[in-house]
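In: This is a predicted model, with the sequence first.
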2 protein chains.
Amino acid sequence: MSEKKETREKQDTLFVGSLEKGMRVLSAFNEHHTALGLTDLANLTGLDKSAVQRLANTLHKTGYLHKDPESRRYSPALKFLELGNAYLWADPLVQLAMPKLIELGRKLGERVNVARLDGTEIVYIIRIPTQLTAFGAMVAGRRLSALTTSSGRALVSCLDPAARKEAVETWPVRVMTSKTTLDRSKIAQAVEEAAACGYGLTVSENIINEIGIAAPIPSERGRPVATVQCSVSAMRWTVDRVREEIAPHIIEVANSIHLPG
Amino acid sequence: MSEKKETREKQDTLFVGSLEKGMRVLSAFNEHHTALGLTDLANLTGLDKSAVQRLANTLHKTGYLHKDPESRRYSPALKFLELGNAYLWADPLVQLAMPKLIELGRKLGERVNVARLDGTEIVYIIRIPTQLTAFGAMVAGRRLSALTTSSGRALVSCLDPAARKEAVETWPVRVMTSKTTLDRSKIAQAVEEAAACGYGLTVSENIINEIGIAAPIPSERGRPVATVQCSVSAMRWTVDRVREEIAPHIIEVANSIHLPG
DNA sequence: TGCCATGTATCATTATATAATAAAAAATCC
DNA sequence: GGATTTTTTATTATATAATGATACATGGCA
């Protein structure tokens, strides 16, 4: 009874394992997994049958998971959305940027977004969906590999050379389309270009025929952590026109946002 | 040791108390509480110091709560938003309605929304923010008393007479502005009017000088549970013009949405 | 500077979650 | 359409893991 204490060394007494497991169950749900049975959950979370049963039941009883009486599968309830809402109120960047983004969306008549860098990925926190497109590009909270996005490239281009090199070489890339760039030297090139012109740019990386362009939002001190981004259809736009007609506007808006910290 | 088993009678063995407490901590964060210290959390959740300490620490370590090293206060992290995103993917209504709402937003040039009824409140699940307004009216996941909203009134007006009466008389009303209607007979009148004309309507109930109008989305079988809604400024619109120019459009869109179940 | 509120760390005690197992209910297959 | 597999639900003994009281540290504030 003294052999297996090396899983979690120090944080033991102020770490509630059951809660962590419960959160594992919660976050098993995402764009690919919208309704899950107990065995699905067990597989996805790595927890055993019994644990999943208790945790899912608890989340159901507390109103976080809807349980379909027919299929007996669980899916996210409205409380999920309220948690998202809580984030939006808590992030000062959202409040600052929202009015400017709405204005920008009206001016450009195209989809504009704000994205934050989180680790090696970017998360869209504001989306103004002026034009129709893939569902995933219209909802807040989506997470994409930074290196495949205009926002990610814009932000990586602001890192100091060493960090930039490491990011380009090691950050993971998830393939989204047949045009997703996997060649690290091409990514490096795109990042250098972003550094040169002050904005990141992608074509068809995440959605076919989508052109993305993003400008970093300056941070009072420290590196930028977010961007103002615009996505347009390559059916109606060319890269050159995007550079000429959209770039100046998103840069202007990005620079007009002064976020504390 | 046999006196206190009546708090939770049956669900005991498959109910994980720690998880429920952890969720209490999570949901302490909302539009009014964006950054909370341990004592704040203890007060809001009704848990004791130590419990909150352990739970908050766990949520911090698992990436759900950001902890400001300065103030040592916790606030929602990006994972909150990802949970919201998971909901949006899981709700078929969101996917069905999104393109139609974008189209409608473009046509009207005004803010359009989809709201769901949840208990005695409505929750906005899609928001197309075409025009500037209060921040709370631009983000998904917000929860308002059903009876003070055009969406809620539209949906209550679809209930059978007995349920309608009970809703109007007993559902709680949270005061949002100086114009929020507390008089139940006036609410009853508004609901009857909604029943008569097929859409709910509010003026300044939740935001001063805001006119709201909402049409129920029919359900295959059973009562409607959601609405297509539009909010406009009373500075630019009159109620009569809203009835004439907006009502037909939101009704048409609402009726074009066929959601299963 | 010294005080009070707030956050952090420790620990014995037992309640509480665990994982194994059995029973029931669906789904799947021939 | 009936038998077999898979998935879900329910039960229980056991010890782990959460508890809450307490003591300590820290920072804010007058």
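Out: Thanks, I have the structure now. Residues are numbered from 1 along each chain as shown, chains lettered A, B, ... in the order given.
In: what about A:Arg236, how many neighbours?
Out: For A:Arg236, the count of nearby residues is 11 (other CB atoms under 10 Å in any protein chain shown). (Glycine included, C-beta is placed from N, CA and C.)
In: check contacts around the residue of the stretch 51-200 of chain A found nearest DNA strand C.
Out: Residue nearest to DNA strand C within the stretch 51-200 of chain A: A:Ala51 (4.4 Å; CB to the nearest atom of the strand). Counting by CB atoms under 8 Å, 6 or more residues apart in numbering or on different chains, A:Ala51 touches A:21, A:42.
In: mind listing what A:Glu20 touches?
Out: By CB under 8 Å, 6+ apart, the contact list for A:Glu20 reads B:58, B:61-62.
In: out of these, which are inside helices?
Out: Using DSSP state H, B:58, B:61 are the members of the contacts of A:Glu20 that sit in helices.
In: quick one: which of the contacts of A:Glu20 is nearest to chain A?
Out: If you rank the contacts of A:Glu20 by distance to chain A using CB to the nearest CB, B:Thr58 comes first, at 4.6 Å.
In: For chain B, what's its nearest residue on the stretch 1-150 of chain A.
Out: Residue of the stretch 1-150 of chain A nearest chain B, by CB to the nearest CB: A:Gly84 (2.1 Å).
In: show me what contacts that residue?
Out: By CB under 8 Å, 6+ apart, the contact set of A:Gly84 is A:140-141, B:80-81, B:83-85, B:87, B:140-141.
In: could I get those as TSV with distance to DNA strand C, pLDDT and secondary structure?
Out: As requested, the contacts of A:Gly84 are exported to TSV (distance: CB to the nearest atom of the strand, whole Å; pLDDT from 0 to 100; DSSP: H, G, I helix; E, B strand; the rest coil):
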residue	distance to DNA strand C	pLDDT	secondary structure
A:Ala140	29	97	coil
A:Gly141	28	98	coil
B:Phe80	20	98	helix
B:Leu81	24	98	helix
B:Leu83	21	98	helix
B:Gly84	26	98	helix
B:Asn85	27	98	helix
B:Tyr87	24	98	helix
B:Ala140	30	97	coil
B:Gly141	26	98	coil
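In: What parts of the stretch 1-150 of chain A come near DNA strand D?
Out: A:1, A:13, A:15-19, A:37-40, A:49-50, A:53, A:72-73 (CB under 7 Å from any atom of the strand).
In: Show me which of those are buried.
Out: Neighbour-count burial (16 or more other CB atoms under 10 Å in any protein chain shown) is assigned, among these, to A:15-16, A:18-19, A:38, A:73.
In: In helices, which of the residues you listed appear?
Out: The members of those that map onto helices under DSSP H are A:18-19, A:38.
In: Near chain B, list only the ones from those residues.
Out: A:18-19 (CB under 8 Å from any CB of the partner chain).
In: ok, which of the ones in helices among the buried ones among the residues of the stretch 1-150 of chain A next to DNA strand D also contact DNA strand C?
Out: Okay, of those touching DNA strand C (CB under 7 Å from any atom of the strand), that's A:Ser18.
In: Of the contacts of A:Gly84, which is the nearest to B:Ile213?
Out: Ranked by distance to B:Ile213 (CB to CB), those are led by B:Ala140 at 19.2 Å.
In: ok, now which ones touch that closest one?
Out: Residues near B:Ala140 by CB under 8 Å, 6+ apart: A:81, A:84-85, A:140, B:84, B:88, B:124-127.
In: what's the answer for A:Leu259, then?
Out: A:92-93, A:96, A:217, A:219-220, A:226.
In: I appreciate the help and will end here.
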